[in-house]
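In: Give me coordinates for this.
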Amino acid sequence: MFSLYDSILKGGHVVDPANNVDGIFDVAINKGKIESVSDSLDGHGDTESFDVSGKIVMPGHIDSHAHLSTPGGDIDRSYGHRMLAESGTTTALDLAGNPSILCEGIKLRGAGLNVACIAGLQPAVTIPSEKPSRNVIRDLIYKLKDNGGIGVKMLGGYYPFSPETSSEIIQEANDQESWVAFHVGTKDSGSDITGLREVPQIIGRGRLHVAHVNSYTRGLTDTAEKEAEEAIKIISEIKNQVVSEVYLAQINGTNGLCDEDGNLVYNVARNCMVARKYSPDDNGLRKALFDGYGSAVIERDGRMILVSGSEAVEIWESNSTNQALSFPVNSPIANYKLVTAKNPQGDFVIDAISTDGGALPRNVAIERTMALVTFGALSISEAVKKLSCNPAEMLGLKDRGHFSQGAEADITIVDPSTGKACMSFVKGNVIMKDGKSVSQGGNWLILAEGEKIAKNSGIPYEIIDLSLSKLYR
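Out: As a prediction, the model looks like this:
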């Protein structure tokens, strides 16, 4: 077949579950869109050809939980654009960021990604208090949408609200058809399985994105395996009201801030200490870092990396304890159960596999998922559903997550010998090749209310409609 194509990916193992495609085909791209998936496509003299034989060609990885602009000052999360692109991601939801900071990050360190942003709710910083009125919540979400965000996230592991306030935030976001995510935990519970148990009551009849379900199954109240089984049961019972994801890295991300008495401020950091029987204070944290159990997250040569031992202690102390840290607290057994669990209808209980990374050095969603394929826990088609199709449905990105004619040519190519992405495209343009970022800028995903500010930013943008998302349909 001969036609006018801008580029053709030749001879790859194309996996497109939405169209029941799983075999060796060529993929033609024209004007940033998928033109054809067929046998032996040929172009003209100006068509660029990519030999992807022996590689897996899948719709671009959509990361439903990443960090690219989180306020706080402990690390510059804009470095995460390149880190995500180099892992094979093409689209990311910046979960608990700031749209203005995201905009500047795209300009400064963008790597060609599609990015949407929701704001984290931090009392006295992004929301006036721990007990905001319904009118305050309403106006905050309106303003956020005008500024280019698409919703809000409650940070229960760091800035917990009461169950009643948490419920009101969900209700108001739902009324405005804005995104609303929850790192579980309230004034009455922890950032663990006890917090997840509260969700059905807090959500009522509402809709919610339950963030990183694996973070609540770390064995703090029971074994990690039993907590995972309980989490699956809880999510299953509210499946029609929630979207959810897990990440597969063993390391987490938190902050080592201590109060004037030396006690760790944040629930997540305290949990990390208790999990390995360190005291949840500055002395325990100092020992955990020195022992190599904990690591500090720092920038080096344009990437965020982990350092431990005396260097980590020095960094943490030099930043007056307000330092991004990481601990290997996620259970592989719990992750396995959560990723593979299905309901009686054969649908996955947990919708997607995310990174919860970006600037945090744990962008391993693709390679860990491919390891599960090698192990036999997932088929290649199921892996692509978790990495691309399902998160596209979560966000209502109808033109992504598949290779139908006219879909956006967002593509991730994976080397099955390593399980890692080796090339990726956004809108038909190469943004990563041989594991290295080769693009700049980005595409800002906004709601209609944010069009004015997006236009003024000079950044390419795209209006999305959350009424099409799995959260609201």
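In: For the most centrally placed residue in the chain, list the residues it contacts.
Out: The centre of the chain sits closest to residue 65, judged by CA atoms, centre = their mean, with a distance of 1.6 Å. Contacts for residue 65 were tallied using CB atoms under 8 Å, 6 or more residues apart in numbering; they are 93, 95, 211, 212, 245, 247, 354, 355, 356. Where you see a C-beta, it was placed from the backbone N, CA and C, and this is true even at glycine.
In: Pretty sure the last one sits against residue 212.
Out: Yes: under the criterion of CB atoms under 8 Å, residue 356 is in contact with residue 212, at a separation of 5.2 Å.
In: residue ranges of the helices in this protein, please?
Out: Applying DSSP state H to the chain gives helices spanning 80-87, 99-109, 134-146, 163-175, 193-203, 224-237, 267-275, 282-291, 309-318, 332-340, 365-375, 380-384, 390-395, 451-457.
In: Kindly reformat the ones you listed as a markdown table containing distance to residue 298, mean neighbour count and mean pLDDT.
Out: Output for the helices of the chain, formatted as a markdown table (distance: least, CB to CB, whole Å; neighbours: other CB atoms under 10 Å; pLDDT from 0 to 100):
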| stretch | distance to residue 298 | mean neighbour count | mean pLDDT |
| --- | --- | --- | --- |
| helix 80-87 | 14 | 27 | 98 |
| helix 99-109 | 16 | 21 | 96 |
| helix 134-146 | 30 | 17 | 98 |
| helix 163-175 | 33 | 20 | 98 |
| helix 193-203 | 30 | 20 | 98 |
| helix 224-237 | 29 | 19 | 98 |
| helix 267-275 | 17 | 22 | 96 |
| helix 282-291 | 12 | 19 | 98 |
| helix 309-318 | 6 | 16 | 97 |
| helix 332-340 | 26 | 21 | 98 |
| helix 365-375 | 23 | 20 | 98 |
| helix 380-384 | 32 | 21 | 98 |
| helix 390-395 | 30 | 26 | 98 |
| helix 451-457 | 29 | 15 | 98 |
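In: Now do residue 136 against residue 127, distance only.
Out: Remark: distance between residue 136 and residue 127 (CB to CB, to the nearest Å) = 7 Å.
In: just residue 153 next, same as before
Out: As judged by CB to CB, residue 153 and residue 127 stand 11 Å apart.
In: ditto for residue 330
Out: 29 Å.
In: Kindly export stretch 150-167 (C-alpha atoms) in CSV.
Out: Output of stretch 150-167 as CSV, limited to C-alpha atoms (Å, rounded to 0.1, in the frame of the first residue of the first chain):
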residue,chain,number,x,y,z
ILE,A,150,-8.1,20.5,36.4
GLY,A,151,-8.8,19.7,40.0
VAL,A,152,-7.5,19.2,43.6
LYS,A,153,-5.9,16.5,45.7
MET,A,154,-6.3,16.0,49.5
LEU,A,155,-2.9,15.1,51.0
GLY,A,156,-4.1,13.1,54.0
GLY,A,157,-0.6,11.7,54.8
TYR,A,158,0.7,15.3,55.2
TYR,A,159,-2.2,17.8,55.7
PRO,A,160,-5.2,15.8,56.8
PHE,A,161,-8.6,17.3,57.1
SER,A,162,-11.5,16.0,59.2
PRO,A,163,-13.7,13.4,57.5
GLU,A,164,-16.5,16.0,57.2
THR,A,165,-14.2,18.5,55.4
SER,A,166,-12.8,15.8,53.2
SER,A,167,-16.3,14.8,52.1
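In: what's near enough to touch the nearest residue to residue 189 once chain neighbours are set aside?
Out: Nearest residue to residue 189 in three dimensions, chain neighbours excluded: residue 195, at 4.3 Å (CB to CB, 6 or more residues apart in numbering). Residues counted as contacts of residue 195 (CB under 8 Å, 6+ apart) are 156, 157, 184, 185, 186, 189, 216.
In: picking that back up, look up which residues are beta-bridged to the closest residue to the residue nearest to the centre of the chain other than its chain neighbours.
Out: What sits nearest to residue 65 in space, not counting adjacent residues and going by CB to CB, 6+ apart, is residue 354, at 3.7 Å. Following DSSP bridges, residue 354 is listed with bridge partners residue 247.
In: Surely residue 354 and residue 366 touch.
Out: No: counting by CB under 8 Å, residue 354 does not reach residue 366; the two are 11.2 Å apart.
In: Residues contacting stretch 266-281, please?
Out: By CB under 8 Å, 6+ apart, the list of residues contacting stretch 266-281 reads 156-158, 160, 185, 190-192, 215, 218-220, 252, 254-258, 262-264, 284-285, 287-288, 293-294, 325, 327, 329.
In: Oh, that last question was meant for stretch 453-463, not what I typed.
Out: By CB under 8 Å, 6+ apart, the residues outside stretch 453-463 that reach it are 99, 103, 106-107, 114, 146-148, 441-448, 450-451.
In: How is the protein partitioned into domains?
Out: Using automatic domain parsing, the domain ranges for the chain come out as 60-250+330-395, 259-326.
In: how about low-confidence regions in the protein?
Out: 1-3, 71-74 (pLDDT under 70).
In: change it to 90
Out: For the chain, the stretches with pLDDT under 90 are 1-4, 40, 42-46, 70-75, 302, 473.
In: among the contacts of stretch 266-281, which ones are buried?
Out: Buried members of those, counted by 16 or more other CB atoms under 10 Å: 156-158, 160, 185, 190-192, 215, 218-220, 252, 254-258, 264, 284-285, 288, 293-294, 325, 327, 329.
In: beta partners of the nearest residue to residue 307 once chain neighbours are set aside?
Out: Leaving aside its sequence neighbours, residue 307 sits nearest to residue 296 (CB to CB, 6+ apart; 5.4 Å). When bridges are taken as DSSP bridges, the partners of residue 296 come out as residue 307, residue 325.
In: Correct me if wrong: residue 296 contacts residue 308.
Out: Yes: using CB under 8 Å, residue 296 makes contact with residue 308 at a distance of 7.4 Å.
In: Neighbour count: these two, which is higher?
Out: Neighbours were counted for residue 296 and for residue 308 using other CB atoms under 10 Å; residue 296 has more, 24 against 18.
In: count of residues packed around residue 123?
Out: Around residue 123 there are 15 other residues, counting by other CB under 10 Å.
In: Could you report the neighbour count for the closest residue to it other than its chain neighbours?
Out: Once flanking residues are discounted, residue 123 sits nearest to residue 130: 4.7 Å by CB to CB, 6+ apart. Using other CB under 10 Å, residue 130 has 14 other residues around it.
In: Please name the residues that touch residue 130.
Out: The contact partners of residue 130, by CB under 8 Å, 6+ apart, come to 123, 159, 161, 162, 165.
In: Export the residues you listed as a markdown table, with columns for distance to residue 473.
Out: Formatted as a markdown table, the contacts of residue 130 follow (distance: CB to CB, whole Å):
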| residue | distance to residue 473 |
| --- | --- |
| 123 | 32 |
| 159 | 30 |
| 161 | 27 |
| 162 | 30 |
| 165 | 27 |
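In: between those, which is nearest residue 430?
Out: Nearest to residue 430 among these is residue 159, at 39.9 Å by CB to CB.
In: give the contact list for the closest one.
Out: By CB under 8 Å, 6+ apart, the neighbours of residue 159 are 120, 121, 122, 123, 130.
In: Let me know the closest of the contacts of residue 130 to residue 53.
Out: Checking the contacts of residue 130 against residue 53 with CB to CB, the nearest one is residue 159 at 50.3 Å.
In: so how far is residue 166 from that closest one?
Out: Distance of residue 159 to residue 166, given as CB to CB: 11 Å.
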